[in-house]
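# no FASTA, just this:
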């Protein structure tokens, strides 16, 4: 099975612009989560989607948004970019959205490295 | 989810065993202990998880203290490829779908 794929792998934007990142989960996985990783804050959860619905959200401003399509692919969008949004954005998929949260495994993609100038 | 404490960094020699500790003194009876690792320039990857009994898989072993307040991830023969940040994460009955990452332990492996 192909792993989680994320596009693009690298992106450079300027302050004030917006950006859209894409994630394709492992085939058959219906849950997609997004994380932000920075040197200062580490890995932080952004949001999780299942069946095209946001199921859970981290503590990020409304500039960060996402969506999931019927084929489970997901996109996240950041509007009005700030310098502090420079980070590695990671997508993770898992097969279930409920019932096995204590034991299920999340599969991460390689991430999209976003640089805001 | 309860909090975990790990050393910031550890060093190991290649082909020697490595014991990575994790303290979780506030663990509840239903919390599973998960380990993930993140190799340089990659996303995190699952290593192993357990509840009470020690667990083994092809990547590592997980030794869980009898009182479950601590656990140890054991890499039996470290290779250069095992150099990574290792995260110990608890997941309980009230967990949402996301993982809550701490700072982890950065493992360096010397040839």
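Structure's in. What do you need? It should be emphasised that the depicted structure is a prediction, and the values quoted were computed from it without experimental measurement.
# number of residues surrounding residue B:61?
Close neighbours of residue B:61, defined as other C-beta atoms under 10 Å in any protein chain shown, add up to 17. Every C-beta, even on glycine, is put in place using the N, C-alpha and C of the backbone.
# got phi/psi on it?
phi -120, psi 150 (degrees, to the nearest 10).
# do residue B:80 as well
phi -60, psi -30.
# tell me the contacts of residue 49?
I'll assume chain A. A:31, A:32, A:33, A:55, A:66, A:67, A:68, A:74 (C-beta atoms under 8 Å, 6 or more residues apart in numbering or on different chains).
# actually it's chain B I care about, not the one you picked
Here residue B:49 is in contact with A:103, A:105, B:32, B:33, B:34, B:35, B:55, B:62, B:91 (C-beta under 8 Å, 6+ apart).
# now the buried members of those.
B:32, B:33, B:34, B:35, B:55, B:62, B:91 (16 or more other C-beta atoms under 10 Å in any protein chain shown).
# out of those, which touch chain A?
With C-beta under 8 Å from any C-beta of the partner chain as the criterion, the buried ones among the contacts of residue B:49 include B:32, B:91 near chain A.
# just put the buried ones among the contacts of residue B:49 in a markdown table and tack on secondary structure and pLDDT.
Compiled in a markdown table, the buried ones among the contacts of residue B:49 are given as follows (DSSP: H, G, I helix; E, B strand; the rest coil; pLDDT from 0 to 100):
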| residue | secondary structure | pLDDT |
| --- | --- | --- |
| B:32 | strand | 92 |
| B:33 | strand | 94 |
| B:34 | strand | 95 |
| B:35 | strand | 97 |
| B:55 | strand | 94 |
| B:62 | strand | 98 |
| B:91 | strand | 87 |
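# what is the nearest of the buried ones among the contacts of residue B:49 to residue B:26?
Distance to residue B:26, by C-beta to C-beta, is smallest for residue B:33 among these, at 12.7 Å.
# right, and that closest one touches residue B:92 too?
No. In this structure residue B:33 lies outside contact range of residue B:92 using C-beta atoms under 8 Å: 10.4 Å.
# show me the strands in the chain, by range?
As the question left the chain open, I've gone with chain A. A:5-7, A:10-13, A:19-24, A:31-38, A:42-50, A:53-57, A:64-68, A:74-78, A:87-94, A:107-108, A:112-116 (DSSP state E).
# wait, I meant chain B there
Using DSSP E, the strands of chain B run over B:9-13, B:18-23, B:32-38, B:45-50, B:55-56, B:61-64, B:70-75, B:84-91, B:105-110.
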